[in-house]
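Peer 1: quick one: sequence and predicted model below, then my questions.
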Amino acid sequence: MNKAIALAIVATLGCTTFVSAQDGTKTSTSIPAGKERISLEAIEIPAAMIVPTGVKALEETYSYYISNGSNFIISVESAYEMTLEKLKAEIASNPDKKLLATKAHSVIFKETMLSHEMVHFETYVEIGGQLYRFYDKRVTPLTLEQVTPMCEAAETIQPL
């Protein structure tokens, strides 16, 4: 019986309750090893997300990022007129782009530019009545393996 109680305590400590950005429902999500829950309030977004350990929300000269300073850089901005549905339509109509994966709030796609293939992701999340766009920084060509962890992190965004 003591083992059962100990396991219940460990399982409870590894869980965090989130409220859905889309419909306000509460879910319990465990934080995997090597990851942590961070606040996005440093970049003026009342939300949190689960990221690899060491990743921080940063503001630099009117630009907002979620980054570890090297190979994990997510740019953040207001979405304005763009939505996930509009992005999917743009990808479908552009012969230089190919949709690779669709998630609840995100897409991963490949783009050919000047005969170079690059993989990108974009996530659209509404928080507090404001639609935000989270996407790879697009400074250097990225692979699917590099983009996937950033996309997965963006999918965990929940309002505070």
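Peer 2: Here it is on my side, so go on.
Peer 1: okay, how far is it across stretch 68-85, tip to tip?
Peer 2: For stretch 68-85, the first-to-last residue distance is 30 Å (Cα to Cα, to the nearest Å).
Peer 1: show the contacting residues for Y135.
Peer 2: Residues near Y135 by Cβ atoms under 8 Å, 6 or more residues apart in numbering: 74-75, 120-123. Glycine gets a C-beta too; all of them are placed from N, C-alpha and C.
Peer 1: what's the spatially closest residue to F72 that is not a sequence neighbour in contact with, if anything?
Peer 2: Nearest non-adjacent residue to F72, counting by Cβ to Cβ, 6 or more residues apart in numbering: V55, 5.6 Å away. The contact partners of V55, taken as Cβ under 8 Å, 6+ apart, are 36, 38, 66-68, 72, 153.
Peer 1: could I get these as CSV with neighbour count?
Peer 2: Shown next, in CSV, are those (neighbours: other Cβ atoms under 10 Å):
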residue, neighbour count
E36, 13
I38, 19
I66, 25
S67, 19
N68, 13
F72, 19
A153, 21
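Peer 1: tell me the one of the contacts of Y135 nearest T61?
Peer 2: S75 (13.1 Å; Cβ to Cβ).
Peer 1: quickly find the element holding that closest one.
Peer 2: strand 73-78 (DSSP states H and E).
Peer 1: give me the helices and strands touching that strand, please.
Peer 2: strand 63-67, strand 130-136, helix 144-154 (3 or more Cβ pairs under 8 Å, 6 or more residues apart in numbering; DSSP states H and E).
Peer 1: contacts made by the last one with the rest, please.
Peer 2: What that stands for is helix 144-154. So helix 144-154 is contacted by 49-52, 55, 66, 71-74, 100-101, 103, 105-106, 108, 110, 119-121, 123, 125, 134, 136 (Cβ under 8 Å, 6+ apart).
Peer 1: going by neighbour count, which residues of it are buried?
Peer 2: 147-154 (16 or more other Cβ atoms under 10 Å).
Peer 1: in a markdown table: these, plus distance to G129.
Peer 2: Shown next, in a markdown table, are these (distance: Cβ to Cβ, whole Å):
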| residue | distance to G129 |
| --- | --- |
| V147 | 28 |
| T148 | 30 |
| P149 | 29 |
| M150 | 25 |
| C151 | 24 |
| E152 | 25 |
| A153 | 23 |
| A154 | 19 |
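Peer 1: need phi/psi at A104.
Peer 2: Backbone torsions of A104, given as degrees, to the nearest 10, read phi -60, psi -40.
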